[in-house]
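Engineer: Pasting a predicted model and its sequence here:
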Amino acid sequence: MSGSQIKSLFASGHTACAGCGQSLAARLVIDAAGPNTIVANNTGCLEVFSTKYPESAWGIPWIHSLFENAAAVASGIEAALRFLEESSSKKRLRDITVIAQAGDGGTADIGLQALSGMWERGQNILSICYDNEAYENTGIQRSGLTPYDASTTTSPAGSRSFGNPRIKKPLPEIANAHGIIYVATATVGFPQDLQRKVKKAISLKGPKYLQIHVPCPLGWGYASSLTYQIARLAVQTGLYPLVEYENGVLKGVFKISPKPVEEYLKPQRRFKHIINNPEELSKIQEIANDNIKKYNLVTAAG
């Protein structure tokens with residue numbers, strides 16, 4: 001197939017679940033980044049459904065790393081490109097975008113050490129977290145980015161548990177603590193905002209971090225046709241603020257007219273145990289309220 005016939009750098013025909021937010025996000029990301037891109041991708045859902053040997057959905061150079069070291073592999077790629085550029089006349093190499101991408105487990109938990117090292121070295125790499133809020137590929141276990149009260153196979157709701165007892169790890173704040181040039185959150189619910197942030201990130205030289213909310217119908221337990229609606233509701237309730245920082249300074253906030261958290265929680269099986277529990281609902285509403293206050297999310301009309 002000729003380049004003129006390819007409509008997207010992430011081809012259809014992969015084996016993602018119907019309604020997979022991560023597959024939508026991957027396509028948006030790579031089409032925004034463009035063909036002059038090299039990706040290091042850890043083991044996880046995205047790797048499994050998009051690169052089943054001998055096939056690949058990727059129209060760019062794409063390298064599979066172990067679960068914990070997409071950032072380490074990307075660091076080697078970036079260093080090699082820098083060496084080749086400095087030791088030859090191939091100045092075009094400086095225009096190659098290097099992306100290290102992983103799921104929330106491979107980013108916030110098992111991959112955090114390599115990611116921290118990459119940020120600390122100041123390498124010119126965009127790190128992307130596809131945040132589906134659990135280890136979905138290996139059995140829906142909780143991760144550091146699983147939200148409060150969500151039921152997973154390792155934080156099950158039961159007679160003595162309301163699900164995950166911890167709030168989400170504040171990874172954007174951890175990224176900012178490294179002094180990196182750009183940090184942002186995005187979601188498949190607002191595609192234009194997501195692609196704008198990808199393009200903004202790769203226009204800046206230095207380490208960048210983008211955390212993308214990607215609903216998972218299988219792990220979250222909602223109808224696959226609702227992915228877009230669920231993604232937008234996470235933002236509209238204040239539970240997933242869309243923000244961006246440059247050099248640690250908050251530069252952009254996606255304003256909302258807040259909706260009650262029940263609208264987001266009710267369609268999802270992972271929260272069904274708290275829908276009729278006013279005390280637990282109020283705790284989650286308070287998390288949203290704190291985000292709304294912290295980031296001044298409310299629109300002028302709201």
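Structural biologist: Done, it's in.

Engineer: Lowest mean pLDDT among the helices and strands, pick that one out for this protein.
Structural biologist: strand 161-162 (a mean of 84; mean pLDDT, DSSP states H and E).

Engineer: which strands and helices sit next to it?
Structural biologist: Applying 3 or more C-beta pairs under 8 Å, 6 or more residues apart in numbering; DSSP states H and E, we find strand 161-162 packed against no helix or strand. All C-beta atoms are positioned from the backbone trio N, CA, C, and that covers glycine.

Engineer: contact partners of that strand?
Structural biologist: Strand 161-162 is contacted by residues Asp149, Ser155, His273, Ile274, Asn277, Glu280 when judged by C-beta atoms under 8 Å, 6 or more residues apart in numbering.

Engineer: and if we set it to 6 Å?
Structural biologist: Here strand 161-162 makes contact (C-beta atoms under 6 Å, 6 or more residues apart in numbering) with Asp149, Glu280.

Engineer: and that strand, which strands flank it?
Structural biologist: With DSSP bridges as the test, strand 161-162 is paired with strand 157-158 (antiparallel).

Engineer: Let me know the distance separating Cys129 from Gly76.
Structural biologist: Cys129 is 20 Å from Gly76, where distance means C-beta to C-beta, to the nearest Å.

Engineer: Comparing the two, which residue is more hemmed in?
Structural biologist: Neighbour tally, Cys129 and Gly76, criterion other C-beta atoms under 10 Å: the higher count belongs to Cys129, 27 against 15.

Engineer: Please list all residues in contact with that one.
Structural biologist: Asp104, Thr107, Gln211.

Engineer: Could you find the closest non-adjacent residue to it?
Structural biologist: Nearest residue to Cys129, sequence neighbours excluded (C-beta to C-beta, 6 or more residues apart in numbering): Thr107, at 3.9 Å.

Engineer: Burial check on that neighbour, number of neighbours?
Structural biologist: 31.

Engineer: can you give me the helices for this protein?
Structural biologist: 21-33, 45-50, 70-86, 104, 112-121, 171-177, 191-203, 217-220, 227-236, 262-265, 278-295 (DSSP state H).

Engineer: okay, the last one in PDB with CA atoms only?
Structural biologist: By that I understand helix 278-295. Provided in PDB are the C-alpha atoms of helix 278-295 (Å, rounded to 0.1, in the frame of the first residue of the first chain):
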ATOM      1  CA  PRO A 278     -24.400   8.000  50.300                       C
ATOM      2  CA  GLU A 279     -21.400   8.000  52.500                       C
ATOM      3  CA  GLU A 280     -19.000   6.600  49.900                       C
ATOM      4  CA  LEU A 281     -20.600   8.700  47.200                       C
ATOM      5  CA  SER A 282     -19.900  11.800  49.200                       C
ATOM      6  CA  LYS A 283     -16.200  10.800  49.500                       C
ATOM      7  CA  ILE A 284     -15.900  10.600  45.800                       C
ATOM      8  CA  GLN A 285     -17.800  13.800  45.300                       C
ATOM      9  CA  GLU A 286     -15.400  15.400  47.700                       C
ATOM     10  CA  ILE A 287     -12.400  14.200  45.500                       C
ATOM     11  CA  ALA A 288     -14.100  15.900  42.500                       C
ATOM     12  CA  ASN A 289     -14.900  19.000  44.500                       C
ATOM     13  CA  ASP A 290     -11.200  19.300  45.600                       C
ATOM     14  CA  ASN A 291     -10.100  19.100  42.000                       C
ATOM     15  CA  ILE A 292     -12.600  21.700  41.000                       C
ATOM     16  CA  LYS A 293     -11.300  24.000  43.700                       C
ATOM     17  CA  LYS A 294      -7.600  23.300  43.200                       C
ATOM     18  CA  TYR A 295      -7.700  23.900  39.400                       C
END
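
Engineer: Tell me what Ile63 is bridged to.
Structural biologist: Applying DSSP bridges, one finds that Ile63 bridges with Ala40.

Engineer: Model confidence for it, exactly?
Structural biologist: Note on Ile63: pLDDT of 94.

Engineer: how close does it sit to Cys17?
Structural biologist: 24 Å.

Engineer: re earlier: tell me the most buried of the helices of the chain?
Structural biologist: Across these, averaging neighbours per residue (mean count of other C-beta atoms under 10 Å) puts helix 104 on top, at a mean of 27.

Engineer: what distance separates it from the centre of its chain?
Structural biologist: Distance of helix 104 from its chain centroid, counting by C-alpha atoms, centre = their mean, to the nearest Å, is 7 Å.

Engineer: Make sure Ile140 is actually in contact with Ala150.
Structural biologist: No: checked against C-beta atoms under 6 Å, the pair Ile140 and Ala150 is beyond contact range at 9.8 Å.

Engineer: Residues in contact with both of these two, list them for me.
Structural biologist: With the criterion set as C-beta under 6 Å, 6+ apart, the contacts of Ile140 and Ala150 do not overlap.
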